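pasting the structure only:
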């Protein structure tokens, strides 16, 4: 439903018809979407409602929960993995480098973009997610809101899931703990459930989405169900197509409790299917991959998945505790943070941000069986250069060997990979184009050594060196040939 095709008078007329049905009680009529919540006395009344010509669907408001994703979803463990400390003292996950996050911060920190998290709320005493710490250090110029749906009297969590999601997405750059992907972004935390299973709280999911979408650019959802909830889907479709500013929805494909029985890395078995709402076309579905780029052993995957991120991150907990978060939830938080970086940098809106994440993922334009376009990369998504190759050499330091009989001129060219440009160049020879020349001469009976270096800058990086490449050159006398040399 991208458009509301009936007016308020039609809804009122339908409501009057429902009011005439014996035993039926109208509990709520939505003010934004043509949805009415009713209580029926028996199955016969339910069948009668289904036959009414103006009824599109009938969903039960109470749905048995499906256990998935870290059951219970609030279980937590202390972080015990590798830590890299930034110059500011923040804990930077080692995997951020593989995802291009560290370099991306030279271009964007997510400022002026708001991420809405529909989850379990956050701990009131989390030193990174609550005020004043959320606005600490370099993250001072942003905002945070804590909301809750009608089923709760407080936005504060009894479950760590929302706090951990918030930490990965937007923890501050303050030197006090793990740093979030979008440490300059605003955050709206909506407590709609106390776990990651949507069951009896399906109505709260709809309400939580609305509360987040009304105040955000990006809505992150790391919860789900095997049931397709039409009224929740209608809420997502409305905001994803909202005329003034469509919202970008990002959701987790799903996570299992352990890897005990399923090993996707080494055998091709069918993983559990993508859950609702991630399976919707209007939603960017995210799963988790291992360090080999394969579907992680305990997550859901399938044709509905769009993107993937690596598995497992340090994040915020109660007080200054550093917790661990895994699964498709952690990957979803990473992608939501990256979306904020991209939207902030380009200002192109939801559709542009979504397409930018797709086009710069590792596998684009090909979709893998379970992980969509594959691993996201923040630096690529922001138009940044990943590396620069010299004469086909892709490593940071290259060695070229030549066997020659007399002096000759060799040409060397550097090729930026992955960036939008334009670029500036500085060779040790003095050249400021992407190419240079060097005259090589043999030394009779000996090996002559030359050195060549180039720095490449991206034009909008404010002087930060994007890539530095060094070339070692060995020149061998042809009368004492080197079998591995270039003739």
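That came in fine, so what should we check first? Remember, it's a predicted structure, so these values are computed and weren't measured experimentally. Residues are numbered from 1 along each chain as shown.

What is the three-state secondary structure of residue 213?
Assigned by DSSP: H, G, I helix; E, B strand; the rest coil, the conformation of residue 213 is helix.

Could you do residue 48 as well?
The three-state label given to residue 48 by three-state DSSP is helix.

Could you do the one 4 residues further on as well?
Classification of residue 52 by three-state DSSP places it in coil.

Report the separation between it and residue 383.
53 Å (C-beta to C-beta, to the nearest Å). Placement of C-beta: from N, CA and C, glycine included.

before we move on, what about residue 363?
To residue 383, residue 363 is 19 Å away according to C-beta to C-beta.

how about the nearest residue to the most centrally placed residue in the chain, chain neighbours excluded?
Residue closest to the average C-alpha location in the chain (C-alpha atoms, centre = their mean): residue 335, at 0.3 Å. Excluding its sequence neighbours, the residue lying closest to residue 335 (C-beta to C-beta, 6 or more residues apart in numbering) is residue 286, at 4.9 Å.

can you pull out the strands in the stretch 151-300 of the chain?
Secondary structure of the stretch 151-300 of the chain (DSSP state E, counting those that start in this stretch): strands at 186-191, 218-221, 248-252, 283-289.

Determine the set of other helices and strands touching the last one.
In terms of contacts (3 or more C-beta pairs under 8 Å, 6 or more residues apart in numbering; DSSP states H and E), strand 283-289 is packed against strand 248-252, strand 307-310, helix 327-346.

what's the angle from it to strand 248-252?
On the basis of axes from the mean of the first three to the mean of the last three C-alpha atoms, to 10 degrees, strand 283-289 is oriented at 40 degrees to strand 248-252.

same thing with the first one?
Calculated by the same axes, to 10 degrees, strand 186-191 forms an angle of 50 degrees with strand 248-252.

thinking again about what came up before, could you check how far the residue nearest to the centre of the chain is from residue 318?
Applying C-beta to C-beta, the value for residue 335 to residue 318 is 25 Å.

picking up where we left off before, quick one: the helices and strands packed on strand 283-289 as JSON lines, columns for distance to residue 193 too.
Below are the helices and strands packed on strand 283-289 laid out as JSON lines (distance: least, C-beta to C-beta, whole Å):
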{"stretch": "strand 248-252", "distance to residue 193": "14"}
{"stretch": "strand 307-310", "distance to residue 193": "23"}
{"stretch": "helix 327-346", "distance to residue 193": "13"}
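
So which of those is nearest residue 394?
With C-beta to C-beta, the closest approach to residue 394 among these belongs to strand 307-310: 21.2 Å.

after the closest one comes which helix or strand?
Remark: after strand 307-310, the chain's next helix or strand is strand 313-316, criterion DSSP states H and E.

Show me the contact partners of that following strand.
79, 81, 83, 91, 93, 95, 126-129, 163-168, 171, 177-178, 322-326, 330, 333-334 (C-beta atoms under 8 Å, 6 or more residues apart in numbering).

Of these, select the buried ones using a PyMOL command.
In PyMOL, a selection of the buried entries from those looks like this (16 or more other C-beta atoms under 10 Å):
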select buried, resi 79+91+93+95+126+127+128+129+163+164+165+166+167+168+171+177+178+322+323+324+325+326+330+333+334
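
Okay, and which of the contacts of strand 313-316 map to helices?
Those of the contacts of strand 313-316 mapping onto helices are 163-168, 330, 333-334, per DSSP state H.

before we move on, the earlier item: could you check the helices and strands packed on strand 283-289 and tell me which one is nearest residue 372?
It's strand 307-310; of the helices and strands packed on strand 283-289, that one is closest to residue 372 (C-beta to C-beta) at 5.4 Å.

Show me how far the closest one is from its chain's centre.
Once both centres are worked out by C-alpha atoms, centre = their mean, to the nearest Å, strand 307-310 turns out to sit 7 Å from its chain's centre.

Can you mark which positions in it are buried?
By neighbour count on 16+ other C-beta under 10 Å, the buried set for strand 307-310 is 307-310.

what comes into contact with it?
The contact list for strand 307-310 (C-beta under 8 Å, 6+ apart) reads 95, 98-99, 284-291, 295, 330-332, 334-335, 357-358, 361, 371-376.

What subset of these is buried?
Burial by neighbour count, 16+ other C-beta under 10 Å: within those this picks out 95, 99, 284-289, 295, 330-332, 334-335, 357-358, 361, 371-376.

re the thing from before, pipe the ones in helices among the contacts of strand 313-316 into JSON lines and attach pLDDT per row.
As requested, those are arranged in JSON lines below (pLDDT from 0 to 100):
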{"residue": "163", "pLDDT": "95"}
{"residue": "164", "pLDDT": "95"}
{"residue": "165", "pLDDT": "96"}
{"residue": "166", "pLDDT": "97"}
{"residue": "167", "pLDDT": "97"}
{"residue": "168", "pLDDT": "97"}
{"residue": "330", "pLDDT": "95"}
{"residue": "333", "pLDDT": "98"}
{"residue": "334", "pLDDT": "98"}
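
Any regions of the protein where pLDDT drops low?
1-8, 61-73, 82-83, 199-203, 258-269, 459-466, 480-487 (pLDDT under 70).

what are the ranges of the helices in it?
Along the chain, counting by DSSP H, helices occupy 8-19, 43-50, 101-104, 161-170, 202-215, 230-240, 327-346, 349-359, 378-381.

relative to strand 248-252, how tilted is the fifth one?
Relative orientation of helix 202-215 with respect to strand 248-252: 140 degrees, computed using the same axes, to 10 degrees.

Pretty sure residue 473 sits against residue 439.
No - counting by C-beta atoms under 8 Å, residue 473 stays clear of residue 439, with 11.1 Å between them.

Name all residues that make contact with residue 220.
Contacts for residue 220 (C-beta under 8 Å, 6+ apart) come out as 115-119, 165, 169, 250-251, 332-333, 336.

whoops, residue 124 was the one
Residues in contact with residue 124 (C-beta under 8 Å, 6+ apart) are 130, 156-157.

ok, now residue 477?
Residues near residue 477 by C-beta under 8 Å, 6+ apart: 403, 442-447.
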